[in-house]
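K.L.:
Predicted model follows, preceded by the sequence.
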Amino acid sequence: MGAPRLAFDDDGRGMAYYASGRVAACVCAATPYSSCFYFYKDDRKNTPLCTIDDKACGFADGKDGSRFVLSKKGGIHSDGDGTIKREWTWGEGNKPPLVTLKINDALTLEFADRDACEVRLRFAGTTGRDFDVSLKEKRKGSYLDTCTRRVGGALDPQITRVSLSQRVAEVGLKSQALRNTMHPKSGVLTNAGTRSIVAALEAGFDDYDRTHNPGATFRGHEAHLNSQMMTRSEVPRISLTGAETRPTHGLGDTIYGASLMEPATTLKLTGFDLQFELNRMNPTLKRSQMIRGASGRFSDQIPVYGGVPTVTNPTGKAESGRVALPVIAPDALEAYAASSGDSLVCVACVRHDDPTCCKAEAVAQSARGAISRKEIRDSAKYDLVKVEMSASRVIADRYNVYALPAFLMFYQGQLVYAGQLGGEKIRVASEFKPYKMLYVEPTFSDMRYGEKLLRKLRFSWDLCSSAAEAGSLKAVADRAAVAKGERKAAYDVVLVADSLSEGDAAPLQRLFKQDALVIGLAALKGTEGAKAVARARFTSKRQGLTKDVDVVLPSHVASIADYAMTKPMKGAALEDLLDVLGARRQALSDADGAPSQDLDYRGLTVKALLRQCYSALQAGQRGASIADPSKQGKRKKIPLQKAYPVTKKWTFPAPAHDAKIEGLIDLSYRVAGQ
């Protein structure tokens with residue numbers, strides 16, 4: 001047990017502690033001129049006994065059970081039984097009572113008014129502090145109480161103002177004090193020894209900047225001329241064409257000439273020679289690995305060279321695998337396509353000045369590189385070329401090409417494909433799972449957890465608990481596929497729990513073993529489960545799937561399962577399952593001999609272009625060609641019949657004059673009441 005302690009700053013904010021070390025009082029700032037007060041009981045819970053904020057609102061609990069409450073409207077004082085002894089409101093004419101409340105042995109509240117209220121803290125002996133908890137206002141009264149009237153009758157508030165000169169003087173004094181703190185001069189130091197040392201340093205260093213750092217100086221007109229001549233010497237010489245009709249500006253009058261060697265004359269260069277000369281005088285800089293490994297935003301338009309020569313990269317460049325496309329003149333395209341024999345000619349219709357066309361050309365170059373390296377089957381049957389569409393409108397008018405980039409494919413001179421292959425590629429969302437799943441789980445608790453995980457990973461699944469329900473769901477899915485005209489399995493993957501009954505294993509095998517991937521869910525527990533996991537070989541990327549189904553699954557479930565994963569299911573195991581399903585779908589798509597399908601992107605990619613070339617080659621071999629677009633006549637416009645305007649008012653002919661209404665009335669009919 002120690003002694004009470006008080007820790008407060010000059011503004012009265014701080015803490016007071018009991019002898020036990022617990023907090024007795026806490027004062028914190030609410031505004032620059034007011035504070036909030038908190039007083040606590042000497043117990044382990046730090047029970048609050050009194051709380052008063054900066055608006056003089058709060059409460060205080062007495063030692064005898066009485067309570068004192070202050071609010072913005074007034075106050076209440078009650079005794080230990082809860083009976084209200086006095087209640088009042090703030091305002092003129094309402095005088096609150098004098099209240100002295102013993103909070104505990106150390107705290108006492110004395111209240112006379114909102115402006116006169118304090119809490120006294122007294123420990124054993126004389127140690128203590130008085131807290132003024134009354135209402136603190138920024139100012140009392142208003143400006144109208146002290147204002148005076150001018151001659152014209154206007155009010156003049158009496159406010160203490162600080163003039164601009166006074167503010168400048170005050171800021172100067174503060175700046176001088178700060179400077180003396182950071183860089184004191186010898187004249188402001190009071191210690192004689194320190195003052196002499198600083199004075200000696202000032203004599204040696206005060207003139208250092210002026211003598212050693214004179215700053216930039218004008219070196220005369222000659223330096224300006226020298227720099228200008230150096231700049232002009234780096235500019236390649238351009239020859240005059242003789243068609244100039246106005247004087248040249250800037251450096252133009254100095255870079256034109258007749259000689260090829262003198263700096264003051266010109267180089268008579270054509271457009272290609274000028275580009276070569278520019279590249280010679282400004283060679284490509286070697287790029288560091290950091291630059292070559294950047295985002296690649298402009299890699300489709302600007303090739304960046306660099307690297308270290310190796311066995312696989314003998315040129316030292318960062319090889320992209322592209323091969324330049326041969327350029328075919330627009331008027332020679334038909335003859336070139338007809339002379340290609342049994343090869344498919346794929347023509348990329350692009351412009352050199354369009355960024356989108358440059359990206360499409362880069363894709364076509366990568367496809368030609370794959371063909372030249374014989375990475376696809378029957379690579380000799382494919383030929384990729386390009387046509388510069390800015391050179392002529394022959395292709396646009398002949399084949400109705402109005403959107404670039406476009407691709408035309410010919411087989412034996414006949415057009416078999418014309419299109420854009422979906423435009424610029426986009427990545428398929430990672431959340432999208434294009435696989436239909438059937439979840440067979442007889443246990444209800446495992447069923448709830450499994451569905452929760454599948455929902456979190458955005459799978460699409462059907463749920464059942466037996467083979468009979470699985471057969472019904474498969475029949476519904478097959479009917480839906482037939483209605484849509486699709487020829488594919490009802491489910492891509494079937495999850496089968498190890499709690500499945502033995503009688504349901506054979507029907508599930510007959511239903512799904514041929515078309516779907518069957519995954520067994522093994523609930524391994526205890527020592528035997530740990531031994532089974534140790535014996536099984538989890539060879540997938542994330543160690544979530546195993547092919548040792550006989551080790552971890554019951555025999556009747558292992559007989560129908562292709563893979564096994566532990567139960568409860570885990571996200572890593574489902575990610576491995578997605579990899580297996582992707583490889584399975586890729587193998588099915590490659591079974592027909594076509595190039596591999598791009599499952600990650602939609603649009604114009606290398607795989608999509610090669611696969612479309614394969615489809616066009618198959619169509620050409622079947623004789624399925626596209627009719628000549630230029631010979632197709634325009635559709636005949638059928639004009640619609642004229643419709644009556646909405647504002648037309650219908651009129652009917654008047655009846656004949658000899659028709660009378662009296663002959664149509666039966667006068668013998670008796671009326672009621674007659």
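P.N.:
Everything's here; your move.

K.L.:
in what helix or strand does D504 lie?
P.N.:
helix 502-512 (DSSP states H and E).

K.L.:
Give the buried residues for that helix.
P.N.:
By neighbour count on 16 or more other CB atoms under 10 Å, the buried set for helix 502-512 is 504-505, 508-509, 511-512. For the C-beta atoms, the positions are set from N, CA and C on the backbone; glycine is no exception.

K.L.:
before we move on, what about stretch 510-519?
P.N.:
So for stretch 510-519, counting by 16+ other CB under 10 Å, buried means 511-512, 516-519.

K.L.:
what's the answer for stretch 482-498, then?
P.N.:
By neighbour count with 16+ other CB under 10 Å, stretch 482-498 contains the buried residues 489-498.

K.L.:
Could you grab the helix/strand/coil label for A470?
P.N.:
helix (DSSP: H, G, I helix; E, B strand; the rest coil).

K.L.:
Spatially nearest residue to it, not counting backbone neighbours?
P.N.:
C464 (4.9 Å; CB to CB, 6 or more residues apart in numbering).

K.L.:
Isn't that neighbour up against L473?
P.N.:
Yes - with contact defined as CB atoms under 8 Å, C464 and L473 form a contacting pair (5.9 Å).

K.L.:
and for the helix holding D504, what are the contacting residues?
P.N.:
Outside of helix 502-512, the residues within contact range by CB atoms under 8 Å, 6 or more residues apart in numbering are 438, 440, 466-468, 470-471, 474, 491, 494, 496, 500, 518, 556-557, 559-560.

K.L.:
what do C464 and L473 both touch?
P.N.:
Residues touching both C464 and L473 (CB under 8 Å, 6+ apart) are L438.

K.L.:
distance of S134 from K95?
P.N.:
Distance check for S134 against K95: by CB to CB, to the nearest Å, it reads 16 Å.

K.L.:
How many residues are close by M182?
P.N.:
Look at M182: counted by other CB atoms under 10 Å, it has 7 neighbours.

K.L.:
And the pLDDT for it?
P.N.:
Looking at M182, its pLDDT stands at 81.

K.L.:
dump the residue contacts of it.
P.N.:
No contacts exist for M182 under CB under 8 Å, 6+ apart.

K.L.:
gap between it and H212?
P.N.:
Counting by CB to CB, the gap from M182 to H212 is 22 Å.

K.L.:
Poorly predicted segments of the stretch 401-550 of the chain, please.
P.N.:
429-434, 484-488 (pLDDT under 70).

K.L.:
just the strands in it please.
P.N.:
Along the stretch 401-550 of the chain, counting by DSSP state E, counting those that start in this stretch, strands occupy 406-411, 414-419, 426-427, 436-440, 460-464, 493-497, 517-522.

K.L.:
can you check the stretch 251-400 of the chain too?
P.N.:
Here the stretch 251-400 of the chain has its strands, by DSSP E, counting those that start in this stretch, at 344-350, 382-388.

K.L.:
Contacts for the strand or helix carrying M15 next, please.
P.N.:
Secondary structure from DSSP H and E places M15 in strand 14-17. Applying CB under 8 Å, 6+ apart, the contact partners of strand 14-17 are 4-8, 23-27, 121, 129.

K.L.:
Out of these, which one has the lowest pLDDT?
P.N.:
Ranked by pLDDT, these bottom out at P4 (81).

K.L.:
which non-adjacent residue is nearest that residue?
P.N.:
F123 (4.2 Å).

K.L.:
Next, count neighbours for the one you found.
P.N.:
19.

K.L.:
and the gap between it and L6?
P.N.:
To L6, F123 is 9 Å away according to CB to CB.

K.L.:
S134 and K95: which has the busier surroundings?
P.N.:
S134 (16 against 9).

K.L.:
Tell me if I am right that that one is in a strand.
P.N.:
No - S134 sits outside any strand when classified using three-state DSSP, being coil.

K.L.:
got a list of what it touches?
P.N.:
Listed by CB under 8 Å, 6+ apart, the contact set of S134 reads 56, 113-118.

K.L.:
By residue count, tell me the biggest strand in the protein.
P.N.:
The longest strand of the chain (DSSP state E) is strand 23-31.

K.L.:
May I see the buried residues of it?
P.N.:
Buried positions in strand 23-31, judged by neighbour count with 16+ other CB under 10 Å: 24-27.

K.L.:
and what of stretch 44-52?
P.N.:
49-52.

K.L.:
what do you get for stretch 183-195?
P.N.:
In stretch 183-195, counting by 16+ other CB under 10 Å, buried: 189, 195.

K.L.:
now that stretch, how far from the centre of its chain.
P.N.:
60 Å (CA atoms, centre = their mean, to the nearest Å).

K.L.:
got the contact list for that stretch?
P.N.:
For stretch 183-195, the surrounding residues in contact (CB under 8 Å, 6+ apart) are 180, 196, 198-199, 202.

K.L.:
so can I have TSV of the residues you listed showing distance to V533?
P.N.:
Below are the contacts of stretch 183-195 laid out as TSV (distance: CB to CB, whole Å):
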residue	distance to V533
N180	76
S196	84
V198	78
A199	83
E202	81
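
K.L.:
Make a ChimeraX selection of the buried ones in those.
P.N.:
Only the buried entries of the contacts of stretch 183-195 go into this ChimeraX selection, using 16+ other CB under 10 Å:
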select :198
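
K.L.:
Look up how far A199 lies from L101.
P.N.:
66 Å.

K.L.:
same check, this time on R86
P.N.:
With distances taken as CB to CB, R86 is found 74 Å from A199.

K.L.:
With adjacent residues omitted, what lies nearest to R150?
P.N.:
D156 (5.3 Å).

K.L.:
quick one, what contacts S472?
P.N.:
S472 touches C464, counting by CB under 8 Å, 6+ apart.

K.L.:
State the distance from it to I159.
P.N.:
For S472 relative to I159 (CB to CB), the value is 89 Å.

K.L.:
need the contact list for the nearest residue to I103 once chain neighbours are set aside.
P.N.:
In space, I103 comes closest to L49 once its chain neighbours are excluded; the distance is 5.0 Å by CB to CB, 6+ apart. For L49, the contacting residues are 39-41, 60-61, 103-104, 107, by CB under 8 Å, 6+ apart.

K.L.:
quick revisit: these two touch, right, the residue nearest to P4 and A106?
P.N.:
Yes - the pair F123 / A106 is scored as a contact, 5.8 Å apart, by CB under 8 Å.

K.L.:
Quickly list what's touching both of those two.
P.N.:
Y18.

K.L.:
what does the domain assignment say about this protein?
P.N.:
Domain assignment for the chain by automatic domain parsing gives 5-132, 184-213, 221-281, 330-427, 436-589.

K.L.:
Out of these, flag the one nearest Q176.
P.N.:
Q176 sits nearest to domain 184-213 of all the domains of the chain, at 8.6 Å, using CB to CB.
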